[in-house]
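Peer 1: pasting the sequence and the predicted model now:
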Amino acid sequence: MKKLRIIFFSGKGGVGKTTTAAATALHAAALGYRTIVISTDPSHSLSDTFQINLTHSVQNIATNLDGIEIDAFHELDNNWGQIKDYLSSLIVTLGADDAIAGELAIIPGMDNVFSLLRIKEFYDSGNYEVLIIDMAPTGESLRLLSLPQIVSMALKITRYLEKYIVSPVIRPASKMSKSLRAVIAPENVTHSWELVLEKLLDMRRLFEHQSLTSTRIVLNPEKMVINESQRAWTYLNLFGMITDQIIINRVIPKDGLKGYFKDWQVTQQKYLKMIYDNFSPLPITEVPYLKDEVIGISRLSQLGKMIYEDRDPTDVFYSDKPIRIYSTKKEKIFAIKVPFIENNKIDVTTRGNELIIGIGNQMRSFVLPDSLSLLQTEGAEYNNGWLEIKFKKK
């Protein structure tokens, strides 16, 4: 049976995310997997990394490897065109200036979402076994796609209104009223809206398929980068997506301990310990700060071998969810897997959007998602190896 894998690469801008994604794609292709590397980052740099002029059309890069830099505006027009035209017309009818109506008809972030929707098209095509995704630095597109309940409810409401109110009553009445006709969405627009929602739900199911989809976080041993990576990991867990590897890029090697770099190496050692403490038990790989730029197929191939050694880069390296965020009828629960501890040695505090957990003489901090940071903690319980922190409205 052929292997099917979708691997996202996430990280703060400038950490080497694109380079790592490209090296992984080349390594997978070299092992015989039919692979495509896809950039959904609006500021594309895959072309610069491979030293090949990639466009919004699929192009061959090497044996078993294709690449594409998705044009977000092209995807937005293909998926949102009819809806945008209707909303623009409606906004003008309500009194807005025609010059800005087109901009107001575009929901912020939708261009990134539609870029991600291309992933399912490549998956469904059957042309590839491995999809490597170079994501936008912020990962906001994932956040928008990770709202299955809202999307599902929107789809149900749309279908209910169309079936029982709009189609039998309002749309026929609009034929006799010019004013009503100006605000009621035509059937083709309603159909386009339903297709968008269905695609979003399909993408969400694809993202949650744990044996198929995982994310790898690329970071540097620096405080701000670590903080953002923690936030990314928290949100990925919130969205039900597996993170199966942490890749620490640009680690200064011991043979570089001279002058200026000696101080940097000391600083990095402090942050390396923080990364291992905060991201355990995820598999962590260190990549040294190399002597020259990693650009072009030859250098990227070398980097891929360095990162994965004798491992298959398409394997799922870790499939457990160490953090869970879920709701009960009374409260929201932030749960973290922390086995082999005693309940009386746990201390939980919050500071702004940060959750701080002390266990014995060890401390760990988490950046809370917005859905929890606005709530107040109501105590914590330790059950079967899971520390469960309860949150309620203030």
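Peer 2: Here it is on my side, so go on.

Peer 1: helix, strand or coil: sort out residue 275 for me.
Peer 2: Assigned with DSSP: H, G, I helix; E, B strand; the rest coil, residue 275 falls in the helix class.

Peer 1: residues contacting it?
Peer 2: Applying Cβ atoms under 8 Å, 6 or more residues apart in numbering to residue 275 gives the contacts 219, 221, 226, 246, 248, 284. The way it works is simple: take the backbone N, C-alpha and C, and place the C-beta from them, glycine included.

Peer 1: recalculate using a threshold of 7 Å.
Peer 2: Applying Cβ atoms under 7 Å, 6 or more residues apart in numbering to residue 275 gives the contacts 221, 226, 246, 248, 284.

Peer 1: repeat for residue 36
Peer 2: Contacts of residue 36 (Cβ under 7 Å, 6+ apart): 66, 67, 68, 122, 128, 131.

Peer 1: can you pick the most crowded of those residues?
Peer 2: residue 67 (25 neighbours; other Cβ atoms under 10 Å).

Peer 1: measure it to residue 216 for me?
Peer 2: Here the criterion is Cβ to Cβ, to the nearest Å. By it, residue 67 lies 18 Å from residue 216.

Peer 1: what of residue 273?
Peer 2: From residue 273 to residue 216 the distance is 21 Å (Cβ to Cβ).

Peer 1: next: residue 223.
Peer 2: Applying Cβ to Cβ to residue 223 and residue 216 gives a distance of 21 Å.

Peer 1: show me which of residue 273 and residue 216 is the more surrounded one.
Peer 2: residue 216 (25 against 11).

Peer 1: residues contacting that one?
Peer 2: 7, 9, 244, 245, 247.

Peer 1: pretty sure the third one contacts residue 213?
Peer 2: Read it as residue 244. No. Judged on Cβ atoms under 7 Å, residue 244 makes no contact with residue 213 at a distance of 9.7 Å.

Peer 1: between the two, which is the more surrounded one?
Peer 2: Using other Cβ under 10 Å as the criterion, residue 244 and residue 213 rank with residue 213 on top: 23 against 20.

Peer 1: who does residue 359 bridge with?
Peer 2: residue 346, residue 362 (DSSP bridges).

Peer 1: pLDDT score for it?
Peer 2: For residue 359, the pLDDT comes out at 71.

Peer 1: any idea how far it is from residue 338?
Peer 2: 6 Å.

Peer 1: repeat for residue 274
Peer 2: 17 Å.

Peer 1: and for residue 163?
Peer 2: 49 Å.

Peer 1: the more surrounded of the two?
Peer 2: Taking neighbours as other Cβ under 10 Å, residue 163 and residue 338 compare with residue 338 leading, 16 against 10.

Peer 1: close enough to count as contact, that one and residue 388?
Peer 2: No. Assessed by Cβ under 7 Å, residue 338 is found out of contact with residue 388, at 10.5 Å.

Peer 1: so what are the domain limits for the protein?
Peer 2: For the chain, the structural domains run 5-73+112-139+209-308, 146-201, 323-392, going by automatic domain parsing.

Peer 1: so which of those is nearest residue 98?
Peer 2: Ranking those by proximity to residue 98 (Cβ to Cβ) places domain 146-201 first, at 14.3 Å.

Peer 1: identify the bridge partners of residue 383.
Peer 2: residue 386.

Peer 1: what is the burial count for it?
Peer 2: Residue 383: 9 neighbours (other Cβ under 10 Å).

Peer 1: for residue 129, grab the count of nearby residues.
Peer 2: Quick note: residue 129 (other Cβ under 10 Å) scores 18 neighbours.

Peer 1: mind listing the helices for the stretch 201-350 of the chain?
Peer 2: Remark: helices assigned in the stretch 201-350 of the chain by DSSP state H, counting those that start in this stretch are 223-238, 260-279, 297-308.

Peer 1: give me whichever of those helices is most buried.
Peer 2: Counting by mean count of other Cβ atoms under 10 Å, helix 223-238 has the highest mean neighbour count of the helices of the stretch 201-350 of the chain, with a mean of 20.

Peer 1: now the angle from that helix to helix 260-279?
Peer 2: Relative orientation of helix 223-238 versus helix 260-279 (axes from the mean of the first three to the mean of the last three Cα atoms, to 10 degrees): 20 degrees.

Peer 1: contacts for helix 223-238, please.
Peer 2: 10-12, 15, 139, 143, 215, 217, 219, 243, 271, 274-275, 278-279, 321, 323-325, 366-367, 369.

Peer 1: try stretch 315-327
Peer 2: Against stretch 315-327 from outside (Cβ under 7 Å, 6+ apart): 210-211, 214, 234, 237-238, 242, 244-245, 281-283, 333-337.

Peer 1: just the strands in the stretch 51-200 of the chain please.
Peer 2: With DSSP state E, counting those that start in this stretch, the ranges of strands along the stretch 51-200 of the chain come out as 59-62, 65-69, 130-134.
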